[in-house]
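Trainee: starting from these lines, generate the structure:
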Amino acid sequence: MSLDEATSTTHPHAGILPGKPAPFFLAPGGGEKSVVFDTLFTVLLTGDETNGQYDVFTCDGNAGQIIPAHVHLDTNEIFFITNGAVHVWMDDENGFKRDEVLTPGGFGYVPQGVIHAFRIESADSRILGVSTAGFGRFFHEMGKATDKPGIPAPDEFFAPSIEQMMSAGQAHGTIFRPDYSFLDD
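Mentor: The predicted structure is shown next:
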């Protein structure tokens, strides 16, 4: 189903995924896609398909800016790098404060309540993400729906307004921390 066909139902991505626990396949580049800043986020599974257990998504981009520091109140998140390099920062504010540049096969786990940020460090990078169910569609609320796979071209970049970011954050238990910078360390 194209994005245009899906738009005629409840949300721009309706009908791309089954919306219930059922076996299915996606072709390369398939899934619910949204551009957030200069990055493509593709939701492959949601809690609708996993009986409320987890979401799976990818994040594709080139070297860019750091994603703002933020905290997920109820979401655990996994970063697994399949291509390129991604710098991940974490601070649990209880003694664990580290950052790593992850390359293919590199893995990072961010439990709920941990301040974190990331920055894609090289061209053609991909993160495979897994999160607590219900979080994956945060990217859709933060971004602009697209049906085009691959890393967005500069004319496809989408910068959400502060209001859109705050609304997405509120809907998905995410608090942005403009008071916190990993780059000042």
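
Trainee: top helix in this structure by residue count?
Mentor: Criterion DSSP state H: the longest helix present in the chain is helix 162-171.

Trainee: following it, which helix or strand shows up next?
Mentor: Per DSSP states H and E, helix 162-171 leads on to strand 174-176 as the next helix or strand towards the C-terminus.

Trainee: name the helices or strands packed onto that next one?
Mentor: strand 70-72, helix 162-171 (3 or more Cβ pairs under 8 Å, 6 or more residues apart in numbering; DSSP states H and E). The C-beta positions use only the backbone N, C-alpha and C, and glycine is treated the same way.

Trainee: check the offset of the longest one from the chain's centre.
Mentor: Right, the one you point to is helix 162-171. How far helix 162-171 lies from its chain's middle: 14 Å, per Cα atoms, centre = their mean, to the nearest Å.

Trainee: any chance you could list what contacts that helix?
Mentor: 70, 138, 141-142, 160, 174-176 (Cβ atoms under 8 Å, 6 or more residues apart in numbering).

Trainee: the residue located most distally from the centre of the chain and Phe57, how far apart?
Mentor: Distance from the C-alpha centroid of the chain peaks at Gly95, with 26.2 Å (Cα atoms, centre = their mean). To Phe57, Gly95 is 30 Å away according to Cβ to Cβ, to the nearest Å.
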